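1. I would like the atomic coordinates for the input below:
(2 chains)
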Amino acid sequence: MLLIRPLQENDLDDLYGMAQNAGKGLTTLPADRELLQRKIERTRESFNQRCAPEAGLYLFALEETQSGKTVGISGIEARVGLEEVFYNYRLSVTVNASRELGVHVRTPTLHLSNDMTDTTEICSLLLAGGYQGGGNGLLLSRCRFMFLDDFRKHFSEKVFAEMRGVSDKDGRSPLWDALGSKFFDMEFSQADMLSGLGNKSFIAELMPKYPIYLPMLPEEARAVIGMVHDNTRPALKMLQAEGFNFNGMVDIFDGGPAVEAFVNNIRTVRESINRHAMVVNKPMNLDVPPEQRVMISNRSFRDFRVTTLPMECIGPDTVSIPREVADALLIESGDPVRLAPLKESALSPIHILKGQESEDEKILDRVRHYRNRHGQD
Amino acid sequence: MWRVRPAKLDDLQQILDLTSAQSGRLSSTLPNTQSALTKKLQQSQASFANKTDTSTPRRLLFVLEDTDTGQLAGTAGIDTRAGNGQPFYNYRRDYLIHASHELNVSRRVEVLYPSHALTDLTLLCAFTLKPDLRNTPAFELLSRARMMFIASHREWFTNRTVVEIQGIQHESGEVPFWDSLGRHFFNMDFETADQHSGQLSKTFIAELMPPNPIYVTLLSEAAQEALGEPHPLTRPNYDLLQREGFLPGCYVDIFDGGPVLEARTDTLKTVVTSQPKTLHGSEGLDGETCLISAGEAQDFRCLLTSVSETLADDVKVPVSTWRALDRSAGDRVRISPL
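-> The predicted structure is shown next:
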């Protein structure tokens, strides 16, 4: 069984192995033991609520329960730009027009911006080789929206993700070569690595503060602004399916886009439903295709757990949960759980069930109303 | 004999012939259409005629004339207030230090800031000379006659004087600085923009020019090389003006990146070395060649003459010079050595 849980102390070795295999480009998770150790510590502090809510870093591990091995990681940074300065370029348009001469020129322009400051970022998604596919990436990414949804007061109303921009197989970024390198004499891969080690705002301080008029950059550089790396395309598609859209911000190094969504508009959030757990002891075939599975979370802040179940387990009020799954989720019969579809499909049963739920709720309301009026409880 | 005098409306056709015969663009502030030039000449005449009000902008135009034939061979101008009541645009070359203590990096970044700082300063402009006179004393006469005029009408001019020198333009007509910067925003070729700049109000520059500073490192290499460089053909003028006391400062032209020379008006060589004298006759033509000028406003004349002897307040020059100056013995003149 694959289980989402908060990152723990003993995940360091697995995490380091994954980061080493990931290669360049994953700036939020560099293969640096000390840095990873610090991230784990911050995560522990955050889940245990020993730090200010806005300083929280929530990293989730995807654990293969049989082996106890961590095979994936994803995260939420509660607020960006609080300690260091968070920079983006805002892609906007400057219009210069002369009525007298009949000239009207639109110039795409990059403005240095700190607009994402104080916003929640979803970050650090990484899945170990051999575990790709089968909905594992979806679980790893979407479990975060279940967490955001249940604990909204810890996060901003809007969340965003920075997508990796275009670079070639040698790690050269056309935008960095045309812009960043002119101000900071360094290869992109090196700057990228430095920023992963927490030096990004230092480098940003060396970058141009005045607007950059795009026609002054070479064609290759202009072409990659707002574009994602080929390897990031699936992640972008997944976020777009969740309702994330390009917000006009691009990375100051490689031009990769930022995408954002309001939490209440995120598809996983909108399509979530609540049920009570009903632990069943009869064996159940859990191995069904991703489109027939739902994510189930235990709604616990400190011991947040998510795994998947076949859709057919969902009943009108309860969800049938095999014993071993209930144990993994740290729940007992009667505990509240939250469900959301793992994979988007045109018309999943969970929609219909949600409709029923609201009908059920109406009936229950009517019952309560009736009882109250008749002094019964 | 070569003589510099204020331009008259009658000079229209000859000036038009001069400008159309120019190879390449050598003076951006002199219009090349009949109507625009007529306006310019009228403006100049009115500027010379206005003897009282020193605060309104004047646009003075002088011509170089062969007194024997009446043929014109060049023009030179002074705008007493650059911009003539409108903003005068330049880029100011400046530097920022981008430094990071944490990364132990410090880097000098060159930036071009849009500037109006030279607005309302005295501007030398509209210099045109027949190519075959470029290496003759007539060239120095035409250029420095303006400084003689400034010396004798000092109150018309500001404390600082500037000159825009034409920037790099390739044989093929390409202007690298323009192609790397202005073209993107003005959406027109250099010639068109340059013509507009000479003839239209400067509003179009305000409307079309990028409002923010420009990082030099993002310009093309050719544009970076052209920044602050004079066009090879302007080199004699560039050198002459530097001998006169002008120095390249931090300002460049917004279109072609050519340098702007600056000087304190009171320290210009001609202003410092020229002296008022009383005119007397002399027989021969041997002696030191000097610039000599006389007359106020539209009566101003400046020419080259041999000065045989100067004693105290007196200066002896050939009688032919008197005639060309429209002066006679006992009149006040101003002389300055070449």
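2. and the closest residue to residue B:2 other than its chain neighbours, what does it touch?
-> Of all residues not flanking residue B:2 in the chain, residue B:138 sits nearest, at 4.7 Å (C-beta to C-beta, 6 or more residues apart in numbering or on different chains). From N, CA and C alone the C-beta is placed, and that goes for glycine too. Each residue near residue B:138 by C-beta atoms under 8 Å, 6 or more residues apart in numbering or on different chains is listed here: B:2, B:64, B:73, B:74, B:129, B:304.
3. Which positions in chain A make contact with chain B?
-> A:94, A:96-98, A:100-101, A:103, A:105, A:107, A:179, A:182-185, A:194, A:199, A:202-203, A:205-208, A:210-213, A:215-217 (C-beta under 8 Å from any C-beta of the partner chain).
4. of the residues you listed, buried ones?
-> A:94, A:96, A:98, A:101, A:103, A:105, A:107, A:179, A:182-184, A:194, A:199, A:202-203, A:205-208, A:210-213, A:215-217 (16 or more other C-beta atoms under 10 Å in any protein chain shown).
5. Serialize the contacts of residue B:138 to TSV and add fields for neighbour count.
-> Listed next are those as TSV, based on neighbours: other C-beta atoms under 10 Å in any protein chain shown:
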residue	neighbour count
B:2	22
B:64	27
B:73	21
B:74	25
B:129	23
B:304	21
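6. Closest to residue A:64 out of these?
-> Using C-beta to C-beta, residue B:129 is the member of the contacts of residue B:138 that lies nearest residue A:64, at 87.0 Å.
7. what about the residue lying closest to the closest one once chain neighbours are set aside, which helix or strand?
-> In this structure, residue B:129 finds its nearest non-sequential neighbour in residue B:74, 3.9 Å apart by C-beta to C-beta, 6+ apart. Per DSSP states H and E, residue B:74 falls inside strand B:72-79.
8. Now do the next helix or strand after that strand: which elements does it pack against?
-> The helix or strand immediately downstream of strand B:72-79 is strand B:90-100, counting by DSSP H and E. Other elements packing on strand B:90-100 under the criterion 3 or more C-beta pairs under 8 Å, 6 or more residues apart in numbering or on different chains; DSSP states H and E are strand B:105-115, strand B:247-252.
9. Need the winner for burial among those.
-> strand B:247-252 (a mean of 19; mean count of other C-beta atoms under 10 Å in any protein chain shown).
10. got the angle for that one vs strand B:90-100?
-> Comparing the axes of strand B:247-252 and strand B:90-100 via axes from the mean of the first three to the mean of the last three C-alpha atoms, to 10 degrees yields an angle of 80 degrees.
11. what residues does stretch B:225-238 touch?
-> B:24, B:26, B:93, B:127, B:134-135, B:139, B:143, B:165-169, B:175-177, B:216, B:219, B:248, B:252, B:256-259, B:261.
12. Then stretch A:167-183?
-> A:24-25, A:165-166, A:187-189, A:191-192, A:203, A:206-208, A:212, A:217-218, A:220-221, A:223-225, A:229, A:252-255, B:98, B:107, B:109, B:215, B:217-218.
13. what do you get if the cut-off is 7 Å, keeping everything else the same?
-> A:24-25, A:165-166, A:188-189, A:191, A:206-208, A:212, A:217-218, A:220-221, A:224-225, A:229, A:253-255, B:98, B:107, B:109, B:217-218 (C-beta atoms under 7 Å, 6 or more residues apart in numbering or on different chains).
14. Where does residue A:59 sit, in terms of helix or strand?
-> Counting by DSSP H and E, residue A:59 is part of strand A:57-64.
15. So which bits of whichever helix or strand comes after that strand are buried?
-> Next in sequence after strand A:57-64, counting helices and strands by DSSP H and E, comes strand A:69-77. Within strand A:69-77, the residues that count as buried by 16+ other C-beta under 10 Å are A:69, A:70, A:71, A:72, A:73, A:74, A:75, A:76, A:77.
16. Just give me the closest of these to chain B.
-> Nearest to chain B out of the buried residues of strand A:69-77 is residue A:77 (C-beta to the nearest C-beta; 21.2 Å).
17. so what's the residue lying closest to the closest one once chain neighbours are set aside bridging to?
-> Excluding the flanking residues, the one nearest residue A:77 by C-beta to C-beta, 6+ apart is residue A:121, at 4.4 Å. Beta-bridge pairing for residue A:121 (DSSP bridges): residue A:77, residue A:160.
18. Residue A:121 and residue A:80 touch, don't they?
-> Yes - counting by C-beta atoms under 7 Å, residue A:121 does reach residue A:80; the two are 5.0 Å apart.
19. Can you give me every residue that contacts residue 243?
-> Here I'm looking at chain A. Residue A:243 neighbours (C-beta under 7 Å, 6+ apart): A:261, A:265, A:266, A:267.
20. I was thinking of chain B, sorry if that wasn't clear
-> Residue B:243 neighbours (C-beta under 7 Å, 6+ apart): residue B:269.
21. Let me see the ranges of the strands in the stretch 151-300 of chain A.
-> A:158-162, A:212-213, A:245-250, A:257-262, A:273-280, A:293-297 (DSSP state E, counting those that start in this stretch).
22. Could you list the paired strands of the fifth one along with their orientation?
-> Each strand paired with strand A:273-280, and its direction, by DSSP bridges: strand A:318-322 (parallel), strand A:336-341 (antiparallel).
23. So what sits opposite residue B:307 in the bridge?
-> Counting by DSSP bridges, the residues bridging with residue B:307 are residue B:288.
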